[in-house]
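fold the following and give me the result.
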Amino acid sequence: MDIRFEQSDTLKEKPTGALGFGKIYTDYMFVANYDADQGGWHDLRIVPFGPIELSPASMVLHYAQETFEGLKAYRTKDSRIQLFRPEMNARRFINSNERLSMPAVPEDMFVGAIKALVDVERDWVPANEGESLYIRPYMFATEACVGVHPATSYQFIIICSPSSAYYPEGVNPVKIWVEDEYVRATPGGTGFTKCGGNYAGSLKAQEKAEAQGYTQVLWLDGVHKKYVEEVGSMNAMFVFGNTVVTAPIDGTVLPGVTRDSIIRLLKDWGYEVEERHMPIDELMEGAKNGKLTEAFGTGTAAVISPIGELCYKGEKAVINDFKTGELTQKLYDTLTGIQWGTIADPHEWTVEVEKQA
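Numbers count the residues shown, from 1 in each chain. The predicted model follows:
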């Protein structure tokens, strides 16, 4: 790809203390423009990180044509920089854009732009244990028009943020509120996409859970409010002996990269994985009678977050004595070991960002 590079006059000092998550940004960002009357994507560039100029009539501000992705770059012990399954993020981004009537970012352009930006910013990839460079590609409508129709112009941008663990609890169990009032997604909607509206609509329930002393929300389906779907913005998995149950990818649940990777590992290890609609009553009963031995959420930001307690309609159920389960810990150790290059990568999931001359 032909990517123009604009040198920054002043580079930032690298952080030396706690990073937090998504609070610090690197020196540069990738930007590309899309205009239907100019043949599509053009003016690919890496420029200094800074404000975006938009018309007050830009359609994203009125009709929310916006999508995003999230992935990480990892520094190995021998200082190589690698990505984890970026092609899956590229394909999911294409699917999200298609649902919101936005043009596709071709897979090779998506992955190539990330590699180019991370190569420029490789000194920003942290080396401390558990830290990584969080990468946020996103796209939005820029056409200035207050009228409801798919926009004809867009920007695709990638920013980077050196970050530590998403949840301050780390790989420790969290308390989960089962939400039976608000819903996250319904069949035919945008539940399988990564669009900002999905997350904005989830905040009310998140506030409700936090007010009750719970870290996150377990969402039920939007039709019956009966079947278990996602936990917060993560895929949810539940261990019953040698069987792991998770919601199916059928339009209301995000097809997570971490979810897919964990399913592959579980099958490698001889576990049976059931992708099915599980009633919340079955889950609560399993937690009470001990058949539910472990539960956890999965996602790029946190990787794995164990679930130690569920609260549904005022009834509380503790899972595995509020301890991180053996399988949960093994999955976390294996997946992060592959991502940071400390253990073998049998599925060839990692992609090295080679240093350009």
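
Tyr34: neighbouring residues, count only.
For Tyr34, the count of nearby residues is 23 (other Cβ atoms under 10 Å). Using the backbone N, CA and C atoms, a C-beta is placed for each residue, glycine as well.

for it, pull up the helix or strand it's in.
In this structure, Tyr34 sits in strand 28-35 according to DSSP states H and E.

quick check: neighbours of that strand in the sheet, parallel or antiparallel?
Paired neighbours of strand 28-35 in the sheet (DSSP bridges): strand 40-48 (antiparallel), strand 153-163 (antiparallel).

quick one: contacts for Thr300?
Gly70, Leu71, Lys72, Gly256, Val257, Thr258 (Cβ atoms under 8 Å, 6 or more residues apart in numbering).

rewinding a little: gap between the strand holding Tyr34 and the chain center?
21 Å (Cα atoms, centre = their mean, to the nearest Å).

on that earlier part again, nearest to Asp43, of the contacts of Thr300?
When those are compared for distance to Asp43 (Cβ to Cβ), Leu71 wins out at 23.8 Å.

the closest one: neighbouring residues, count only.
21.

Pro279 versus that one, what's the distance?
33 Å (Cβ to Cβ, to the nearest Å).

swap in Ile46?
49 Å.

pick out whichever of these two has more residues nearby.
Using other Cβ under 10 Å as the criterion, Ile46 and Pro279 rank with Ile46 on top: 22 against 14.

residues contacting that one?
Ile3, Arg4, Phe5, Glu6, Tyr28, Met29, Phe30, Val31, Ala116, Leu117, Val120.

ok, the fifth one to Gly213 distance?
It refers to Tyr28. From Tyr28 to Gly213 the distance is 41 Å (Cβ to Cβ).

neighbour count winner among these two?
Using other Cβ under 10 Å as the criterion, Tyr28 and Gly213 rank with Tyr28 on top: 25 against 9.

who's in contact with that one?
Ser8, Ile46, Val47, Pro48, Phe49, Leu117, Val120, Glu121.

just put those residues in a markdown table and tack on pLDDT and distance to Ile319.
As requested, the contacts of Tyr28 are arranged in a markdown table below (pLDDT from 0 to 100; distance: Cβ to Cβ, whole Å):
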| residue | pLDDT | distance to Ile319 |
| --- | --- | --- |
| Ser8 | 96 | 49 |
| Ile46 | 98 | 46 |
| Val47 | 98 | 48 |
| Pro48 | 98 | 47 |
| Phe49 | 98 | 42 |
| Leu117 | 98 | 40 |
| Val120 | 98 | 44 |
| Glu121 | 98 | 40 |
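
can you tell me which of these are buried?
Ile46, Val47, Leu117, Val120, Glu121 (16 or more other Cβ atoms under 10 Å).

farthest pair in the residues you listed?
Val47 and Glu121 (12.6 Å).

the closest residue to Pro187 other than its chain neighbours: neighbour count?
Sequence neighbours aside, Gly251 is the residue nearest to Pro187 in space, at 5.5 Å (criterion: Cβ to Cβ, 6 or more residues apart in numbering). Per other Cβ under 10 Å, the neighbour tally for Gly251 reads 15.

so Gly251: helix, strand or coil?
Three-state call for Gly251 (DSSP: H, G, I helix; E, B strand; the rest coil): coil.

thought it was touching Gly191?
Yes: at 6.3 Å, Gly251 counts as touching Gly191 under the criterion of Cβ atoms under 8 Å.

rewinding a little: let me know the closest of the buried ones among the contacts of Tyr28 to Pro137.
Leu117 (9.4 Å).

in space, what's closest to the closest one - neighbours in sequence excluded?
Phe30 (4.5 Å).

the one you found contacts Ile158, correct?
Yes: using Cβ under 8 Å as the test, Phe30 is close enough to Ile158 to be in contact (4.1 Å).

mutual contacts of those two, please.
Ala113, Ile114, Leu117.

and the last one, what are its phi and psi?
Main-chain torsions, Leu117, degrees, to the nearest 10: phi -70, psi -40.

against Glu13, how distant is it?
Distance from Leu117 to Glu13, by Cβ to Cβ: 20 Å.

who's in contact with Ser153?
Asn33, Tyr34, Asp35, Ala36, Ala141, Thr142, Glu143.
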